[in-house]
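# sequence and computational prediction follow.
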Amino acid sequence: MFSQITKPQNSKLLTYIIGATATFAVATTAYHYTSSKKTSFSIISNESPKVFIGDNKWIDLPLLKVEEQSHDTKLFTFKLPTDDSVTGLTLASAVLTKFFNEETGKNVIRPYTPVSDLNMEGSFQLIIKHYPGGPMTNHIFKLKPNDTLSFKGPIKKWDWVPNSFERITLLGAGTGITPLFQLARHIVENPNDNTKVDLIYGNKTPNDILLKHELDALHKKYPDKFNVSYFVDSKESNLDSDSKLHLGFISKEFLKTNIAKATEKTHVFVCGPPPFMKAFSGEKVSPKDQGELIGILKELGYTKEQVFKF
């Protein structure tokens, strides 16, 4: 365009032409950005808005739908403020939930780890087990679509850096699968992360195994990066053919043979109910204090620094 402008009669005309050209270029850039949120290049950022940004503010989000997972566990999908919003959570992190208990006159606050993809737009999902005496689960299980629940976050649990270890072990039981699944899924689906993942997951029965379809799909798609073994107290005959399904308690002998030995290149992540934690690692004292390592993992030679308790 500028090559066509030759010796204008006065400087005011040249200033006008250059100014108009610049205005047109900016307007064109803005138009292309607003016309398509998926543009590959723009002066204006098109990053999805993050909902949980660590500003210590609670946000009320509506329930979209509820899906049965087992006899006492459900998958809850909550809607984010806009269709292109993302949670803003990092690997691995959780959110806090809150509601006001009118019976006690106090707020009830509990942490939960989303099981949906961290980059999922418009909504996120929580798997929650109903505990009859639990005020939060009693409240959540009474929610209907469009009812709201207060959330805050992110609550960072572990700052995962790809290729930090050659091989990790995820050891869990019951709903303790949620942070382990978040970790496993995003590690094995990341083509730039070569970490090998072994998941050992215990439950009462095969029907209590949460996210089994998703875990089996991960193993099938990434057999060289992800391996899973299920342990159950009782085993229905129709599932006897599942080679990944084992009857009984997760034994010290099984772990000794099937998970990576304790070295600076390996790590173990543990999550489960108190009796499970006591048997394998001991419970953490607080969110900032992991407590001492006890139990089977210590007997296998792991140190406190090589085990993380969710």
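Yep, that arrived.

# how about the strands in this protein?
Using DSSP state E, the strands found in the chain span residues 59-70, 73-79, 93-101, 106-112, 123-129, 148-156, 167-173, 196-203, 226-232, 245-247, 266-271, 307-309.

# out of these, which gets nearest to residue 300?
Across those, residue 300 has its closest neighbour in strand 266-271 (9.1 Å, CB to CB). Bear in mind the C-beta positions are built from the backbone N, C-alpha and C, glycine included.

# what packs against the closest one?
Contacting strand 266-271 under the criterion 3 or more CB pairs under 8 Å, 6 or more residues apart in numbering; DSSP states H and E are the following elements: strand 167-173, helix 177-188, helix 274-280, strand 307-309.

# now render these as a markdown table, adding mean pLDDT, mean neighbour count and distance to residue 244.
Putting the helices and strands packed on strand 266-271 into a markdown table (pLDDT from 0 to 100; neighbours: other CB atoms under 10 Å; distance: least, CB to CB, whole Å) gives the following:
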| stretch | mean pLDDT | mean neighbour count | distance to residue 244 |
| --- | --- | --- | --- |
| strand 167-173 | 98 | 24 | 14 |
| helix 177-188 | 98 | 24 | 14 |
| helix 274-280 | 97 | 17 | 19 |
| strand 307-309 | 98 | 21 | 24 |
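
# among those, which is nearest residue 97?
Residue 97 lies closest to helix 177-188 among the helices and strands packed on strand 266-271, at 13.2 Å (CB to CB).

# what does that closest one rub up against?
Taking contacts as CB atoms under 8 Å, 6 or more residues apart in numbering, the residues outside helix 177-188 that touch it are 91-92, 94, 112-115, 117-118, 126-127, 157-158, 160, 162, 168, 170-172, 193, 195, 197, 199, 201, 210-211, 214-215, 218, 222, 225-226, 269, 271, 310.

# please apply the same query to stretch 244-261.
By CB under 8 Å, 6+ apart, the residues outside stretch 244-261 that reach it are 166-169, 171, 196, 198, 200, 202, 206, 216, 219, 228-235, 239, 266, 268, 280, 296-297, 299-301.
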